[in-house]
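Asks: Generate coordinates for the sequence data below:
(one chain, ligands or ions: 1)
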Amino acid sequence: ARLVVLVSGAGTNLQALLDACADPSYGARVVAVGADRDDIEGLARAERAGVPTFVKKVGQFSSRESWDRAMAETVAGFEPDLVVSAGFMKLAGEHFLARFGGRYVNTHPALLPSFPGMHGAADALDYGVRVTGATLFIVDAGVDTGPILAQTVVAVEDDDTVESLHERIKGAEREMLVDAVGRMSREGFRIEGRKVRYGAPVH
Ligand code: GRF
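Replies: Residues are numbered from 1 along each chain as shown. The predicted structure follows:
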């Protein structure tokens, strides 16, 4: 399967996918990496791996809608089977979802539907839950509301800070992402209601 990965930061989830894709039996390859800002480690990781990159900043466009349309067109040019938001901190708009709905996935550092939004790890820590984790889901028009593909559990320790908890979540999150994207790529999948069914070819 052809993957386009979108990043806004460190890109450790991207790196995990790049590493997995180095083994041909993984069944996928990263054909492009896109970002909404430059000078980020995520883009440097792509460049080191020899993967084409593109940057589209919202501020370069006259409206959020024209940014969304440009993102959709650029990503479509790479003919992805699956688009992965790996720490991409912008919400997809209607053009993007019209093109990639059902095959645009996002990873979130909490067990959805708990703690959606920008601060999944901090919100879980503040609430006082004893277990949290990460969720891979299909992006829909809501915020972190789409059908769930995979989840992984992480215990909260008594002395956790937001940073220590988020780092531990990210370790589990990378493994979950690599496992789920590999399975989706190799076996194919389709979404029925809120359930993922494996076995239908991804193109
Ligand atoms: C991940 O925890 C992701 O779920 C969150 O931001 C983090 C991105 O990390 N939204 P990285 O850029 O992949 O290292």
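Asks: going forward, measure contacts and count neighbours with C-alpha atoms only.
Replies: Fine.
Asks: which SSE is the residue nearest to Leu136 when sequence neighbours are not counted in?
Replies: Residue nearest to Leu136 in three dimensions, not counting chain neighbours: Thr107, with 4.5 Å by C-alpha to C-alpha, 6 or more residues apart in numbering. Secondary structure assigned from DSSP states H and E places Thr107 in strand 104-108.
Asks: And the next helix or strand past that strand?
Replies: Downstream of strand 104-108, the next assigned helix or strand under DSSP H and E is helix 120-127.
Asks: Going by neighbour count, which residues of that following helix are buried?
Replies: Going by neighbour count (16 or more other C-alpha atoms under 10 Å), the buried part of helix 120-127 is Gly120, Ala121, Ala122, Asp123, Ala124, Leu125.
Asks: is the ligand contacted by it?
Replies: No: against the ligand, helix 120-127 shows no contacts by C-alpha under 6 Å from any ligand atom, the least distance being 8.0 Å.
Asks: Columns pLDDT on top of the buried residues of helix 120-127, output as a markdown table?
Replies: Converted to a markdown table, those look like this (pLDDT from 0 to 100):
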| residue | pLDDT |
| --- | --- |
| Gly120 | 98 |
| Ala121 | 98 |
| Ala122 | 98 |
| Asp123 | 98 |
| Ala124 | 98 |
| Leu125 | 98 |
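Asks: Can you name the residues bridging to the residue most central in space within the chain?
Replies: By C-alpha atoms, centre = their mean, the chain has its centre lying nearest to Ser85, at 2.8 Å. Ser85 forms beta bridges with Leu6, Asn106, as assigned by DSSP bridges.
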